[in-house]
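K.L.:
Following is a predicted model, sequence given first.
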Amino acid sequence: MELSFNWLSQYVDHGATLAEVAERLTAAGLAVEAIEERDGDYLLDVDVTTNRPDCMNHLGLAREVAVVFDKPLDVPDAHPEELAKRTEDEVTVTLEDPVGSPRYVARLVEGVEVGPSPDWLVERLESIGQRPINNIVDITNFVLWETGQPIHAFDFDKLRGRAIVVRRAQGGELLVTLDGERRELGPQVLVIADAERAVALAGIMGGLETEVTESTKNVLIESAHFDPRVIRAGAKSLDLHTDASHRFERGADPGACLDAATRVAALVAEVAGGRVVGGAVDESNESLDWRLEGELDLARLDRFAGAGIGAESVERWFAGLGFELERRGEERWAVSVPSWRYYDFKPDPGDAPGRSSRPVYEADLFEEAIRLYGMDKIPSGLPTLAGPDAGSSEGHERREQIRRQLAACGYTEAINYAFQDADSEVVYPALERQGDPIRLANPLSELYTVMRRSLLPNLVASARFNLQRGAGAIRLFEIGHIFPGAESPEVEAVALIGGGSPGMPWDRKSELDLFDLKGVLDALAWHFGVRLEYRPAEIPKLISGTAAELYLEDAPDERLGYLGQLEEDSAFPLFAAELKASFFDRAGVPQVRTPSRFPGIEADLTLTHSGETSWSEIESAIAAAATPDLVTYGLKDRYRGKGVPEGAVNTTIYFVYNADERTLTQEEVNERHQDLVRDLENQFGWRG
């Protein structure tokens, strides 16, 4: 919005340069986006946000300048000489729609001489790009841009029945507006009518039949307040936007009607030689209360802002902006909001205008103080949070560690909705299921009807999405909450899916398999200082022989999750796992052993055992034996086929022996190794 610097400076002797005014206004939340020199004046292009219609005029912006520079505001005083006869005896005003028009003020000026405006008035209007029309219309435009209150002037002698009626348009009612357009009105349009017909679009534009012309002698001045929603609906239905509707749609000052009408009357008497009829007709909806009150606590303001704001400054700023303050203690005030800030501070935008039995939001009062204190003076810092949202919480740190570890293993995080369709919910395995799934009362679509009980269905859908677009490999993971049932608490889980051949064509690529996925899980467990145990199992939607349930070695009775190859028709095999994230809560610090400076000795064992015996059982037995100086061991090969009895399998295991203080002899290693082999043969050896 473009406003004149010279015009603004008429109301406040700020003593500052143009650049200083622009800088301080911008810092206070009224950004000056451009400055244009025009005929010895400067136009400030101010970004006035929709919640600040009080600053869409020169006096309102001057109030802000006066506060930021700690200068007095010079508000023009209007006390015209009045005739003995009274306006209420000359015209009647009826509010048939007191919600659409909560207040209507009418004043009369007789014996005017309509003609060109004086130079000062022409200069003011032309400085902001307004075209002068005649002295009466120019005065109404001047007061609009001075105070922000839209004004309309009627040729009083053209009003039939000496009456003003504010009502809704009747269906099919016609009106020719000042722009010469013949408009058909609907009931959503609020109109100003006389005793017989509509004569103006309320809050939007006047009618041609009652416009002020050179023959006009008596003028009725309209200064009213209209409901923003009503004006917005009417202007939209007519596809019509004016300076008046722009302000009424955002919320004009309900307390300015009488003062603005009197200001116009005084200027008409001065410029057009008219005589002001005594008093005014001021009709209003008495059920509406425009007062808003709140409480400002300086200690709470300082905590909110993160800075120390002085009590004297707060009092000076709020008083300068028109707020009334009443002390309730050393650093507490009861605050009354000025009428021109009603729509900015109104607690509930859904309430009818003026109906507010609740105080204003405390944060709105804080905002006033902070913007005038200066956002640039508030030190930067992160907020201190508590509870599950705190960045330093155990849950947050655990999730971040999981993310970093899986990303280091080449996996990319996927984020899906916590909803899924009921059909896929039962197809895939789940960590927990308790009764029926939780159904959404208002689902986004048929694809999202229940709360998920597994991360896997949506993760599989993400994999399919990538496969359909030619992805050569899939490595995805997701961390999120699952919902076992209505009576069960939600559970945090992590799921992975992988497959294909990652890498570029010139890489020595190999296809991902089940053991790659297992290696990622083992690395994740090691990172948290725990070990996983894998137990073969039959799990729906996972290919038999590849599926296993996951347990902690130190909690063998608590199932943590599962893994296996998916029964999925895809370009390459897909392997998936899902496990509870809570098992990481038991994590310790991974123990790092300093390697011995002495050479070690390796030994192998090929153990023939039942095919039903899992590697995890053998691994647990080796760990339980606690063979001296055995520093590491692992699976080398598993073989079924020629030379191996039916129902049996050959498992080759490697062992490494090493001592910290000396070099072991072969005889010492053979003795310890033979004892371990004997134990394993006794526990698992094939017996036909």
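P.N.:
Here it is on my side, so go on.

K.L.:
Can you tell me which helices and strands the lowest-mean-pLDDT helix or strand in the chain packs against?
P.N.:
Ranked by mean pLDDT, DSSP states H and E, the helix or strand of the chain with the weakest confidence is helix 422-427, at a mean of 82. Packed against helix 422-427, as judged by 3 or more CB pairs under 8 Å, 6 or more residues apart in numbering; DSSP states H and E, are the following elements: helix 456-467. C-beta here means a position set from N, CA and C on the backbone, and glycine is covered the same way.

K.L.:
Which residues outside the helix ranked longest in the chain are in contact with it?
P.N.:
Selection of the longest helix in the chain by residue count, based on DSSP state H, yields helix 666-684. For helix 666-684, the external contacting residues (CB atoms under 8 Å, 6 or more residues apart in numbering) are 601, 603, 605, 607, 609-610, 613, 617-618, 621-622, 625, 627-630, 655, 657.

K.L.:
Please list only the buried members of those residues.
P.N.:
Buried members of these, counted by 16 or more other CB atoms under 10 Å: 601, 603, 605, 607, 609, 613, 617-618, 621-622, 627, 629-630, 655, 657.

K.L.:
Narrow these to those in strands?
P.N.:
In strands, defined here by DSSP state E, the members of those are Ile601, Ala603, Leu605, Leu607, His609, Leu630, Phe655, Tyr657.

K.L.:
Considering those residues, which is situated nearest to Thr26?
P.N.:
Of all these, Thr26 sits closest to Leu630, with 73.1 Å by CB to CB.

K.L.:
The closest one touches Phe655, doesn't it?
P.N.:
Yes. Assessed by CB atoms under 8 Å, Leu630 is found in contact with Phe655 at 6.2 Å.

K.L.:
In contact with Ala319, which residues?
P.N.:
For Ala319, counting by CB under 8 Å, 6+ apart, the contacting residues are Leu325.

K.L.:
okay, Arg593: pLDDT?
P.N.:
At Arg593, the pLDDT value in this model is 74.

K.L.:
tally of neighbours for it?
P.N.:
8 (other CB atoms under 10 Å).

K.L.:
That one: helix or strand, and which one exactly?
P.N.:
Using DSSP states H and E, no element contains Arg593; it sits outside every helix and strand.

K.L.:
re earlier: next, the buried residues of the least confident helix or strand of the chain.
P.N.:
Applying 16+ other CB under 10 Å to helix 422-427 flags Ser424, Glu425 as buried.

K.L.:
which helices and strands does the helix or strand just after that helix pack with?
P.N.:
Next helix or strand after helix 422-427 toward the C-terminus (DSSP H and E): strand 450-451. With contacts taken as 3+ CB pairs under 8 Å, 6+ apart, strand 450-451 sits against strand 419-420.

K.L.:
roughly how far out does the strand it packs on sit from the chain middle?
P.N.:
Strand 419-420 sits 23 Å away from the centroid of its parent chain (CA atoms, centre = their mean, to the nearest Å).

K.L.:
and it, which strands flank it?
P.N.:
strand 450-451 (antiparallel) (DSSP bridges).

K.L.:
Give the burial count for the nearest residue to Phe69 once chain neighbours are set aside, as a bare number.
P.N.:
Spatial nearest neighbour of Phe69, excluding adjacent residues (CB to CB, 6 or more residues apart in numbering): His14 at 4.6 Å. Neighbour count of His14, defined by other CB under 10 Å: 18.

K.L.:
shouldn't His14 be in contact with Glu64?
P.N.:
No. Using CB under 8 Å, His14 is not in contact with Glu64, being 10.6 Å away.

K.L.:
Sort out which residues of the longest helix of the chain are buried, please.
P.N.:
For helix 666-684, by 16+ other CB under 10 Å, it's Val669, Arg672, His673, Leu676, Val677, Leu680, Phe684.

K.L.:
what's the answer for stretch 558-575, then?
P.N.:
Result for stretch 558-575 [16+ other CB under 10 Å]: buried residues Arg559, Leu560, Gly561, Tyr562, Leu563, Gly564, Gln565, Leu566, Glu568, Pro573, Leu574, Phe575.

K.L.:
cool, stretch 191-208 as well?
P.N.:
Result for stretch 191-208 [16+ other CB under 10 Å]: buried residues 191-194, 198-208.

K.L.:
Repeat that for stretch 266-280.
P.N.:
266-269, 271-272, 274-280.

K.L.:
Most widely separated two among those?
P.N.:
Val271 and Gly279 (21.5 Å).

K.L.:
Could I get the full set of strands for the stretch 251-400 of the chain?
P.N.:
275-278, 281-284, 292-297, 324-327, 332-337 (DSSP state E, counting those that start in this stretch).

K.L.:
Pairing partners for the last one, with directions?
P.N.:
Put plainly, it is strand 332-337. Counting by DSSP bridges, strand 332-337 is paired with strand 292-297 (antiparallel), strand 324-327 (antiparallel).

K.L.:
same deal with the second one?
P.N.:
For strand 281-284, the paired strands and their directions (DSSP bridges) are strand 103-110 (antiparallel).

K.L.:
Quick one: mean pLDDT over the partner strand.
P.N.:
Strand 103-110 comes out at a mean pLDDT of 98.

K.L.:
Please renumber the chain so that the first residue is 898 from this point on.
P.N.:
Shifting the count to begin at 898 puts that one at strand 1000-1007.

K.L.:
So what touches that strand?
P.N.:
With CB under 8 Å, 6+ apart, strand 1000-1007 has contacts from 980, 984, 987-988, 990, 992, 1053, 1061, 1063, 1114-1122, 1151, 1154-1155, 1158-1159, 1161-1162, 1165-1166, 1169, 1171-1174, 1177-1182.
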